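Q: sharing a model that was predicted from the sequence below.
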Amino acid sequence: MKVNIVSRSGREFIKGGLELNDSATVADLQEAIHKRTKKFYPSRQRLTLPVQPGSKERPVVLHYKKSLKEYSDGNQNTLTVVFKDLGPQVSYRTLFFFEYLGPLLLYPVFYYFPVYQFFGYKGERVIHPVQTYALYYWCFHYFKRIMETFFVHRFSHATSPLSNVFRNCAYYWTFGSYIAYYVNHPLYTPVSDLQMKIGFGFGIVCQLANFYCHIILKNLRSADGSGGYQIPRGFLFNIVTCANYTTEIYQWLGFNIATQTVAGYVFLVVATSIMTNWALAKHRRLRKVFP
Ligand SMILES: NC(=O)c1ccc[n+]([C@@H]2O[C@H](COP(=O)([O-])OP(=O)(O)OC[C@H]3O[C@@H](n4cnc5c(N)ncnc54)[C@H](OP(=O)(O)O)[C@@H]3O)[C@@H](O)[C@H]2O)c1
């Protein structure tokens, strides 16, 4: 089969096109493009079918697992595809690891080191028990997330643009430092002992529930990440589509009940609005796949 590869402006992207055998898949085509161009490895490529000029229709994106024949529309011997460079890509594992590493390392800096001297607080710093428990809670949370990233989540084959590493790290690292600054501050006023226990107790239960939600999600796919998207069932998934986000939000609520800072609540509001949008999008996607 002859495949013509054009850029979005319609210019020929690979001179003379590529010749592939009739049983070739989109993944084979991507490998063949990579061989010819070197720079554009498969996850950097977005291949679509051409649309009529001026048409408002969304182009059909070629799925890597499908055979090229499925897209050739009766004309078995030639196919034209549009190539778009998605820019440098990283795996979701890499993205998540760097996102979470920042808060895991930065938070203890505010607890252990005399950073407040640089902000003009020269006196002796008294550490309240709640600040120590908050450190353990925080580090446990981000350590858990890194471990889940490597040993629990079964990611699809999707990758993320490299630029998202910088954007997401800015989000997590800045919020991590902002909250750490206030919770460990020498002028920090602790909440009552009972409130602290309720907050951390509730938060830990939610973290464990969140871990269990991730185990349920993991079991929806086989070990190589194949299996697509399924309807999660059981435990809290019987009540809400994205129970992992619900428990994540509530565990931050627990942390905030125990530590009570404006910074922590600002993060809770921002994180809740982000996860709510994602949850709604995931719910819509599942309804589309399983009408
Ligand atoms: N504090 C915050 O601001 C914040 C924000 C976001 C997330 N988080 C935490 O980080 C965790 C991971 O985040 P995430 O956004 O990656 O969660 P997610 O999209 O729900 O994914 C977790 C894993 O489960 C898979 N998965 C999700 N739904 C599935 C379904 N219906 N069928 C099969 N597999 C499915 C995902 O696959 P894919 O690779 O295909 O997506 C991914 O590997 C969250 O659960 C939450 O605890 C915190």
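A: It's in. Numbers count the residues shown, from 1 in each chain.
Q: quick one: buried residues of stretch 163-179?
A: 165, 168-169, 171-173, 175-179 (16 or more other C-beta atoms under 10 Å). For every residue, glycine as well, the C-beta is placed using N, CA and C.
Q: could I get those residues as a markdown table with pLDDT and distance to residue 58?
A: Putting the buried residues of stretch 163-179 into a markdown table (pLDDT from 0 to 100; distance: C-beta to C-beta, whole Å) gives the following:
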| residue | pLDDT | distance to residue 58 |
| --- | --- | --- |
| 165 | 96 | 27 |
| 168 | 97 | 26 |
| 169 | 98 | 31 |
| 171 | 97 | 29 |
| 172 | 98 | 32 |
| 173 | 98 | 35 |
| 175 | 98 | 35 |
| 176 | 98 | 38 |
| 177 | 98 | 40 |
| 178 | 98 | 39 |
| 179 | 98 | 40 |
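Q: what is the nearest of the residues you listed to residue 108?
A: Nearest to residue 108 among the buried residues of stretch 163-179, counting by C-beta to C-beta, is residue 176 at 10.5 Å.
Q: give the pairing partners of the lengthiest strand in the chain; include direction for each.
A: Ordering each strand of the chain by length in residues (DSSP state E) puts strand 78-85 first. Applying DSSP bridges, strand 78-85 is found paired with strand 2-7 (parallel), strand 45-48 (antiparallel).
Q: so which of the buried residues of stretch 163-179 belong to helices?
A: Among those, DSSP state H puts 165, 168-169, 171-173, 175-179 in helices.
Q: the residues you listed into a markdown table, with extra columns for distance to the ligand?
A: Listed next are those as a markdown table, based on distance: C-beta to the nearest ligand atom, whole Å:
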| residue | distance to the ligand |
| --- | --- |
| 165 | 15 |
| 168 | 9 |
| 169 | 13 |
| 171 | 8 |
| 172 | 8 |
| 173 | 13 |
| 175 | 8 |
| 176 | 11 |
| 177 | 15 |
| 178 | 13 |
| 179 | 11 |
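Q: of all the strands paired with strand 78-85, which one comes closest to the ligand?
A: If you check each of those against the ligand by C-beta to the nearest ligand atom, strand 45-48 wins as the nearest, at 17.3 Å.
Q: picking that back up, reformat the strands paired with strand 78-85 as TSV; add distance to the ligand, mean pLDDT and mean neighbour count.
A: Listed next are these as TSV, based on distance: least, C-beta to the nearest ligand atom, whole Å; pLDDT from 0 to 100; neighbours: other C-beta atoms under 10 Å:
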stretch	distance to the ligand	mean pLDDT	mean neighbour count
strand 2-7	27	93	17
strand 45-48	17	95	19
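Q: what's the separation between residue 60 and residue 287?
A: Look at residue 60 and residue 287: by C-beta to C-beta, to the nearest Å, they are 21 Å apart.
Q: for the protein, identify the residue most remote from the centre.
A: Most distant from the centre of the chain: residue 123, at 41.6 Å, with distances by C-alpha atoms, centre = their mean.
Q: ok, and the closest non-adjacent residue to residue 177?
A: In this structure, residue 177 finds its nearest non-sequential neighbour in residue 106, 5.2 Å apart by C-beta to C-beta, 6 or more residues apart in numbering.
Q: do you know the pLDDT at that neighbour?
A: pLDDT for residue 106: 98.
Q: how about residue 50?
A: So residue 50 comes in at 91 (pLDDT).
Q: could you tell me whether it really is in a helix?
A: No. Using DSSP: H, G, I helix; E, B strand; the rest coil, the assignment for residue 50 is coil, not a helix.
Q: need phi/psi at it.
A: When read as degrees, to the nearest 10, the backbone of residue 50 gives phi -70, psi 150.
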